[in-house]
Structures are given as C-alpha cells and as structure tokens.
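Asks: next input, structure requested:
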Amino acid sequence: MGRKTTTKAFRERAVSMVLAGQTADSVAEELGVEPHKVRRWFNNAINNSASVNPGIFDVSVSSTQPPKPLGGSKTVIDREKRKLEQENKHLRELVHLSTQWISAYIAMQTEYRTGH
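Replies: Numbering: from 1, shown residues only. Modelled structure (predicted):
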C-alpha cells in the first residue's frame, strides 16, 4: 500500500483543533490519522510559524544578529529576555488567531444546523 498524503488544509485543521484544546490523540482519532502525525504537524507549525510567515505575528525580520556579549552576562540576560518577550508575543497571537478560528467555526456550525 502506498503512502497516504494529506493536504495542507487538512494538517492546518488538525493543528487548529489542538490549539483549540483537544489532545493530539483525540484529534487523530477524529481525523483518522496516527497521533504521532498530529503531534509532528503541531510541533512543525509552532516551530516554523514565525520563519515561514513572519507577518502573521507582526514581527519585523532583521538580517542583523543580536549583539554579542562584551564580557558581561547582562547582555546575555537582556538577549534572553528579548527572546522570551518575542515568544510570548507569538503565543498571544496564536491564542488570538485560534479564538477567531473557533468563533468562525462555531458560527458556521450554527448556520449549518439552523439552515440560515
């Protein structure tokens, strides 16, 4: 039997379901795929989201590297703080986007059920 391929939209749906609070196992069961695939898609989406589409997070992409430490640990701490602040910003945006997706999905389901 050949390798089963999935569409980008299918993988994004799985990731959105996990972002909405479902476990990878329940998403996998619902979609009929292996749980490790859902976990891989989710991890890839999280790890690659800023580098693949930095505009989604409103992050400016710079070609310059952060300054190297000049013999003191303060620069290292400041750099780590900036990195954590940027990660927090990304996470807040993911929560915001997933909330919008969930709202739209619920609205679509409501329209479908009521026939409006």
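
Asks: can you give me the helices for this structure?
Replies: Per DSSP state H, the chain carries helices over the ranges 8-19, 24-31, 35-52, 73-114.

Asks: now render these as JSON lines, adding mean pLDDT and mean neighbour count.
Replies: C-beta: built from backbone N, CA, C; applies to glycine. Listed next are the helices of the chain as JSON lines, based on pLDDT from 0 to 100; neighbours: other CB atoms under 10 Å:
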{"stretch": "helix 8-19", "mean pLDDT": "88", "mean neighbour count": "17"}
{"stretch": "helix 24-31", "mean pLDDT": "92", "mean neighbour count": "17"}
{"stretch": "helix 35-52", "mean pLDDT": "78", "mean neighbour count": "15"}
{"stretch": "helix 73-114", "mean pLDDT": "85", "mean neighbour count": "12"}
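
Asks: what sits against the residue nearest the centre of the chain?
Replies: Within the chain, the residue whose C-alpha comes closest to the C-alpha centroid is residue 46; the distance, by CA atoms, centre = their mean, is 4.0 Å. Listed by CB atoms under 8 Å, 6 or more residues apart in numbering, the contact partners of residue 46 are residue 94.

Asks: and it, how close does it get to residue 115?
Replies: As for residue 46, its distance to residue 115 is 37 Å (criterion: CB to CB, to the nearest Å).

Asks: and residue 7, what are its phi and psi?
Replies: The phi and psi values for residue 7, taken as degrees, to the nearest 10, are phi -80, psi 160.

Asks: how much space separates it from residue 35?
Replies: 19 Å.

Asks: residue 23 now?
Replies: From residue 23 across to residue 35, the span is 8 Å (CB to CB).

Asks: then residue 83?
Replies: As for residue 83, its distance to residue 35 is 30 Å (criterion: CB to CB).

Asks: same question for residue 27.
Replies: With the distance defined as CB to CB, residue 27 ends up 8 Å from residue 35.
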